[in-house]
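1. please work out how this folds:
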Amino acid sequence: MEAVEKGDYMTQQIPEEELIQRIIEGDKQLFTVLVDRYKNKVFGILRGMGASHQDAQDLAQDTFIRIYRYLPTRREGSSFSAWVYTIAVNRMRDFMRQQKPVMTAVHTGLEQTSGETPEKHVLNKEMQREIYRQMDQLPESYRLVLLLKYTNELSYEEIADITDMSPTQVRNALYRGKKTLKKQMERKGGLSTYEAYSK
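-> Prediction:
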């Protein structure tokens, strides 16, 4: 039993490019490691773009099927995370074209911090959801760069690859998106939560 657990741990430590190469060469079981590394972030992007919980689960599954299928054609040395998010974003756009999505609040998974009362925790979670509701009002280009920057901590260059913008356009969209979101939150009275979130 200990040997199995140690093997699982070692598998989790394999560098990404080596992991990808081993999957391409036929070690298909390792694909579950890639899925584990990216499933929460892919799900978060899909939810942030407006997919319902169930739709986001289905779209995430479809995204990983496509990643597996096209993995051998990926350009070696390019950002794998940006490639993954590009597939997820394109799948969501296809879905949105097929049907009008139902905009829902995003579960942000905020954990209760030490010293925080249950009442304050509930209030903070609700304010965080309000930020996402307000993000739904933004143009897609602003919403997407905000999601990619703050939920996945990607660089301007990686976001540019995903959105087909230049890094300068990404920087401008991020600035304008934050400014617009701040104004919307000011009107809602949730500015302090916005400022904590956008640091």
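2. I'd assumed V89 was in contact with T63.
-> No. Using Cβ atoms under 8 Å, T63 is not in contact with V89; the gap is 9.3 Å. C-betas here are computed from N, CA, C, even on glycine.
3. which of those two has more residues huddled nearby?
-> Remark: of T63 and V89, T63 carries more neighbours, 26 against 21, as counted by other Cβ atoms under 10 Å.
4. which non-adjacent residue is nearest that one?
-> Nearest residue to T63, sequence neighbours excluded (Cβ to Cβ, 6 or more residues apart in numbering): A88, at 4.6 Å.
5. any buried residues in the longest helix belonging to the chain, and which?
-> In the chain, with assignment by DSSP state H, the single longest helix is helix 167-188. The neighbour-count criterion (16 or more other Cβ atoms under 10 Å) identifies Q169, V170, R171, A173, L174, G177, K178, T180, L181, Q184, M185 as the buried residues of helix 167-188.
6. got the CA positions of it in CSV?
-> Provided in CSV are the C-alpha atoms of helix 167-188 (Å, rounded to 0.1, in the frame of the first residue of the first chain):
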residue,chain,number,x,y,z
PRO,A,167,-0.2,42.0,-24.7
THR,A,168,-0.9,45.8,-24.9
GLN,A,169,-4.6,45.2,-25.7
VAL,A,170,-4.8,42.7,-22.8
ARG,A,171,-3.3,45.3,-20.4
ASN,A,172,-5.7,48.0,-21.7
ALA,A,173,-8.7,45.6,-21.4
LEU,A,174,-7.7,44.7,-17.9
TYR,A,175,-7.4,48.3,-16.9
ARG,A,176,-10.7,49.3,-18.4
GLY,A,177,-12.4,46.2,-17.1
LYS,A,178,-11.3,46.9,-13.6
LYS,A,179,-12.3,50.5,-13.9
THR,A,180,-15.8,49.6,-15.2
LEU,A,181,-16.2,46.9,-12.5
LYS,A,182,-15.2,49.3,-9.8
LYS,A,183,-17.8,51.9,-10.9
GLN,A,184,-20.5,49.1,-10.9
MET,A,185,-19.5,48.0,-7.5
GLU,A,186,-19.5,51.6,-6.2
ARG,A,187,-23.1,51.8,-7.3
LYS,A,188,-23.9,48.6,-5.4
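7. elements contacting it?
-> With contacts taken as 3 or more Cβ pairs under 8 Å, 6 or more residues apart in numbering; DSSP states H and E, helix 167-188 sits against helix 118-135, helix 140-152, helix 156-163, helix 191-197.
8. what's the angle between the helix or strand the residue nearest to T63 falls within and helix 156-163?
-> Element membership of A88 [criterion: DSSP states H and E] is helix 80-98. Computed by axes from the mean of the first three to the mean of the last three Cα atoms, to 10 degrees, the angle separating helix 80-98 from helix 156-163 equals 30 degrees.
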